[in-house]
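Participant: Need a 3D model of the following:
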Amino acid sequence: MSYLSDLTTSRDKIATAVAAIAANPRPTYSVDGRTFSHDQHLANLVAQLEPLNKLVILAGGPGSELTETILLG
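Facilitator: Below is the predicted model of the structure:
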């Protein structure tokens, strides 16, 4: 795999996990003294998406092409 495909795969896997967690939210719970916070897990995944998207763009992936913006008004 190439650097770009590795980045894109990582980003897509995280985005899939975010969608799955958002579609089926769960409460925070504790088992044997360990706390599992789904909200914190979701926040951590979302925080990983922005830097990965930037790296994908810098590597020439989707979103790196220049686009033209037309303002109407």
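Participant: so where do the helices sit in the chain?
Facilitator: 3-23, 38-58 (DSSP state H).
Participant: what inclination does the first one have with respect to helix 38-58?
Facilitator: In other words, helix 3-23. Per axes from the mean of the first three to the mean of the last three C-alpha atoms, to 10 degrees, the angle that helix 3-23 makes with helix 38-58 is 150 degrees.
Participant: Quick one: list the elements packing against helix 3-23.
Facilitator: helix 38-58 (3 or more C-beta pairs under 8 Å, 6 or more residues apart in numbering; DSSP states H and E). Quick note: C-beta positions are derived from backbone N, CA and C, even for glycine.
Participant: counting contacts, what elements does the helix it packs on pack onto?
Facilitator: For helix 38-58, the packing partners by 3+ C-beta pairs under 8 Å, 6+ apart come out as helix 3-23.
Participant: how far is the helix it packs on from where the chain is centred?
Facilitator: For helix 3-23, the separation from the chain centroid amounts to 6 Å (computed by C-alpha atoms, centre = their mean, to the nearest Å).
Participant: Same question for stretch 25-34.
Facilitator: Counting by C-alpha atoms, centre = their mean, stretch 25-34 comes out at 23 Å from the chain centroid.
Participant: returning to what we had before: CSV please, covering the helices of the chain and showing mean pLDDT.
Facilitator: Output for the helices of the chain, formatted as CSV (pLDDT from 0 to 100):
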stretch, mean pLDDT
helix 3-23, 93
helix 38-58, 92
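Participant: Let's have the ones you listed in TSV, adding mean neighbour count and distance to Ser30.
Facilitator: TSV is the format used below for those (neighbours: other C-beta atoms under 10 Å; distance: least, C-beta to C-beta, whole Å):
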stretch	mean neighbour count	distance to Ser30
helix 3-23	14	19
helix 38-58	14	13
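Participant: Can I get the ones you listed in JSON lines including distance to Val31?
Facilitator: Formatted as JSON lines, the helices of the chain follow (distance: least, C-beta to C-beta, whole Å):
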{"stretch": "helix 3-23", "distance to Val31": "18"}
{"stretch": "helix 38-58", "distance to Val31": "13"}
